[in-house]
Structure formats: C-alpha cells, structure tokens
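In: Coordinates for the following, if possible.
(one chain, ligands or ions: 1)
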Amino acid sequence: MNKKYDYLIIGAGLYGATFAQQMTQMGKKCLIIEKRDHIAGNIYTKESHNIQIHQYGAHIFHTDNEEVWNYLQQFTVFNGYINSPLARYEGKVYNLPFNMNTFNSLWGVTTPEEAKLKIAEQRGEYADIDPKNLEEQGLKLCGKDIYYTFIKGYTEKQWGRLATELPSFIIKRIPFRFTYDNNYFNDRYQGIPSDGYTQLVANMLEGIEVRTGIDYLEDRAQWDALADKVLYTGCIDAFFGYKLGTLEYRSLRFENEWLMDVEDFQGNAVVNYNEAKVPFTRIIEHKHFNKNQSPHTLITREYPANFSVGDEPYYPINDGPNNKLYHAYKEEAASHPNILFGGRLGLYAYADMDDTVAAALKAVKKELNNK
Ligand code: UDP
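Out: Residues are numbered from 1 along each chain as shown. Down below sits the predicted model:
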C-alpha cells in the first residue's frame, strides 16, 4: 500500500496519545489529528496566575495498575495529591467518601462497631434486596440517611433522571469504609502531574506529528488516504453518521470565576453540593490540586447539562437502550477492519484515566500481535 503513515490517529486525548507513543516506539509512523485547538482531550490543563486550571473538569489520576503507573512515570512526576472531597448539605460540611468521619458527623457514632450497627439499622429491609436500579443500590449499600442526604439529590441532578431510572453500577464507584480515612480512592497510586496534564501528554507525543484544529469527519477520504490504518477516538455514532441513532450523553457546563486577592475560597479542591435545590454539583478550586501559590484563586461551578449532538459529550449514559445501540455500532465497526475504535467516546465507556491508558496499551499489543 505504501501510504505515508502506518496509523492516522483521530483525537489527541489520553487514549490516542498512549497508542501513538507506543506505536512510534515500535517504529510505526503516526499522524494525530485533533478537532480542538489543543492536545490532551478532556484532561487538558493550562496555567494562569501560577495556577494549573483543569479546563474540562477535575481530573485526579489514581490506579492500582502497576503497568500503567510505571508507564506514565516516564512522562511526568505525579505530585502525590490525595483526593478528599467534601460534601455540603444544608450548610453543614461532611467528609467523603463515606467513612467514620461522615458517620460521626451524621449520627455521633465514634467506633466502627457503632457505625456498623447504625448502618445495619439504616439499611433495614433493603439489606437483602437484589438492586434493580441506582436507588435500590444506594439504599442497600448505605441505608436511608446517607442515600437521601448525599446520593439522591446529587445523582438526580448529575444525570438528569430519577435514581430509579439509573443503572446501579454508577454508585458502586463511591467507596464506603469503616475507618477515619478521607482518601476518596482505594488505589495504591494517586496524584496529579506536577506540571499539568497537558505537559504529560506533550511529553508522550514528543517527536510525533500532531495537527490540531482539524475535524476528521469533514474530510475523511483525504485523511484516510494518508495511512494504512485509522484509530478513531471520537464518538462512534458520529463516525457512522448517526445512521442507527444517536447515543445519549450527559454534558457539563463549567462556570469559572476568578476571585482576585482571595487566597483561599473553600479550603479544599473539591466541594460537592449535594442538595437537589443547588443547581450545580460541585465547586472546584483549582489551586489546591497542585498546591499552587497565588494571591488569587479560580473556582469553577460544575453544572450538569443535557446533551444534544454538537454539545460536549462527557458521561456516556450506559443504560440498556444506549448500550444496545452502542453494540449495534460496534457490530458495524467490525466490518471495517482497518479502523480501530478507542477511548471513552469510541468505546462509549465511563472510563477512568488509568483504564484508558490500560485499554490503549492492550490495543497496541493486540495490533502488533495480529501483524
Ligand atoms: N455521587 C453521589 N454523591 C456524591 C458524589 C457522587 O451521589 O457526593 C454519585 C453520583 O451518582 C455520581 C457517582 O456517584 O455520578 C460517581 O461519582 P464520582 O465523583 O466518582 O464521579 P465523577 O463525576 O467524578 O466521574
């Protein structure tokens, strides 16, 4: 075939960057094209007033995957940040994830034994059910007080639908423990790149040709002609011209506010607002992620938003009908052996960053073994 590139990679996010980096290391020639005017996808950070800003929402890297952790060490130094978000409800502040500090604030219990008894009482008749939806899962896992204080309101505004209409797996992400430990994640490794995620991705892409501000779907034939194979990390339904229908997403709207000469607005990077009546889900104060020194501070209110084609897709809605539609597109994709699909949007998956890197590393191995 003798085309100019071995791989044309659509999207300069974490999946595309990992794939390109590994393939380049194996001697393959890659070209990356990216619709936005910058690399790094949704983990993009930029610096202003000496603060690393997480432009598309807070990203805290955490993993238990040794291979992924070691792989990324080549490109950045993680700063050891430990995520300990807070939850606000009716003017009171509680520790997350649900742990002894939360239980103590809620009920005054002080020992794990007392807390376990209290939770058992709270779970009541839900303890033995087979949860059919997120509400049942929440009540089974945490009981009534926690569910109605911290989960129901937050979840329903986050997803724009009733908790009884949401899949239960969403809530399984929240840790729950009987120690005084406010570390949100259970993983062994955690942190944020000291010089920002954009620099991490830039380091991964060193020596690789990247063109930003280019929409592949607008001139597909021209780009396809350049490479033997394509890795597409955009929305899979968009790739197929939505011919089987549109996949649903939940979107987000970020409202940024610079507070000049305010050194610290909320004393923590992440504060969730769990009441249903507060329209945003959380406020992020960016400087806390990297302990940035600045006389000013930037806060971002995160508003969940409906999605329609053309908006930014953030969270896939992995419910029954959407997963079915995704599988129909996946079958369609199987008849295009020269096109690989990857990333959160290409695979329609609610993926953490480490899962994304792991999936890309696996895809590279599979590709190379098939040759
Ligand atoms: N969640 C909740 N209350 C909280 C935080 C999270 O009910 O205070 C639920 C909510 O349904 C959310 C899910 O847990 O969608 C996962 O939350 P996490 O913070 O892990 O997700 P992120 O939005 O940061 O990916």
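In: send the alpha carbons of the strand ranked longest in the chain over as CSV?
Out: In the chain, with assignment by DSSP state E, the single longest strand is strand 249-259. What follows is strand 249-259, C-alpha atoms only, in CSV (Å, rounded to 0.1, in the frame of the first residue of the first chain):
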residue,chain,number,x,y,z
TYR,A,249,-24.5,11.5,27.0
ARG,A,250,-24.7,13.8,30.0
SER,A,251,-22.9,17.1,29.4
LEU,A,252,-21.5,19.6,31.7
ARG,A,253,-21.3,23.4,31.8
PHE,A,254,-18.4,25.0,33.7
GLU,A,255,-18.8,28.4,35.2
ASN,A,256,-15.4,29.9,36.0
GLU,A,257,-15.0,32.7,38.5
TRP,A,258,-11.6,34.4,39.3
LEU,A,259,-11.5,35.7,42.8
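In: Tell me, how many residues neighbour the residue nearest to residue 115 when sequence neighbours are not counted?
Out: Nearest non-adjacent residue to residue 115, counting by Cβ to Cβ, 6 or more residues apart in numbering: residue 103, 4.3 Å away. Glycine gets a C-beta too; all of them are placed from N, C-alpha and C. The tally of other residues near residue 103 (other Cβ atoms under 10 Å) stands at 26.
In: Would you check that residue 103 makes contact with residue 116?
Out: No - with contacts counted by Cβ atoms under 8 Å, residue 103 stays clear of residue 116, the gap being 9.4 Å.
In: that older thread, quick check: next helix or strand after the helix or strand that the residue nearest to residue 115 is a member of?
Out: Element membership of residue 103, judged by DSSP states H and E, is helix 100-107. Stepping forward along the backbone from helix 100-107, the first helix or strand reached (DSSP H and E) is helix 112-123.
In: Could I get the buried residue list for that next one?
Out: 114-115, 118-119, 122-123 (16 or more other Cβ atoms under 10 Å).
In: top helix in this structure by residue count?
Out: helix 353-370 (DSSP state H).
In: quick one on the thing from earlier: report pLDDT for the residue nearest to residue 115.
Out: As predicted, residue 103 sits at a pLDDT of 98.
In: From residue 95, how far out is it?
Out: Here residue 103 is placed at a distance of 10 Å from residue 95 (Cβ to Cβ, to the nearest Å).
In: Which stretches in the stretch 1-150 of the chain count as strands?
Out: Along the stretch 1-150 of the chain, counting by DSSP state E, counting those that start in this stretch, strands occupy 5-10, 30-34, 45-48, 51-54, 61-63, 86-89, 92-95.
In: Kindly report the same for the stretch 251-371 of the chain.
Out: 270-273, 282-285, 297-305, 315-316, 339-341.
In: Check which helices and strands the shortest one is in contact with.
Out: So the one you mean is strand 315-316. strand 249-259 (3 or more Cβ pairs under 8 Å, 6 or more residues apart in numbering; DSSP states H and E).
In: which stretches of the protein aren't confidently modelled?
Out: The model of the chain has pLDDT under 70 over residues 1, 173, 371.
In: what does it put close to the ligand?
Out: 87, 96, 150-151, 154-155, 158, 170-171, 173-174, 272, 274 (Cβ under 6 Å from any ligand atom).
In: Count the residues that sit near the spatially closest residue to residue 270 that is not a sequence neighbour.
Out: Once flanking residues are discounted, residue 270 sits nearest to residue 85: 3.9 Å by Cβ to Cβ, 6+ apart. Using other Cβ under 10 Å, residue 85 has 18 other residues around it.
In: The one 3 residues further on now?
Out: One way to gauge burial is a neighbour count; for residue 88, by other Cβ under 10 Å, it gives 17.
In: Can you get me a residue count around the closest residue to it other than its chain neighbours?
Out: Distances taken as Cβ to Cβ, 6+ apart put residue 273 closest to residue 88, at 5.3 Å, once the chain neighbours are dropped. Using other Cβ under 10 Å, residue 273 is surrounded by 21 other residues.
In: Residue 190 now?
Out: 20.
In: now residue 2
Out: So residue 2, with other Cβ under 10 Å, has 4 neighbours.
In: ok, it - contacts?
Out: Listed by Cβ atoms under 8 Å, 6 or more residues apart in numbering, residue 2 has no contact partners.
In: Would you check how far apart it and residue 29 are?
Out: Distance from residue 2 to residue 29, by Cβ to Cβ: 12 Å.
In: Ok, residue 310 next?
Out: 33 Å.
In: what about stretch 69-83, distance to the chain center?
Out: 17 Å (Cα atoms, centre = their mean, to the nearest Å).
In: what's the answer for stretch 41-59, then?
Out: That offset, for stretch 41-59, works out to 14 Å (Cα atoms, centre = their mean).
In: now swap in stretch 349-369 and tell me
Out: On Cα atoms, centre = their mean, the centre of stretch 349-369 falls 15 Å from the chain's centre.
In: next one: stretch 52-70
Out: 9 Å.
In: Just flag the most distant two among the residues of the chain next to the ligand.
Out: Spanning the widest gap among the residues of the chain next to the ligand are 87 and 170, at 16.6 Å by Cβ to Cβ.
In: between the two, who's got more neighbours?
Out: Shown here are residue 87 and residue 170; by other Cβ under 10 Å, residue 87 has more neighbours (24 against 21).
In: if we can go back for a sec, in the longest helix of the chain, which residues are buried?
Out: 353-361, 363-364, 367.
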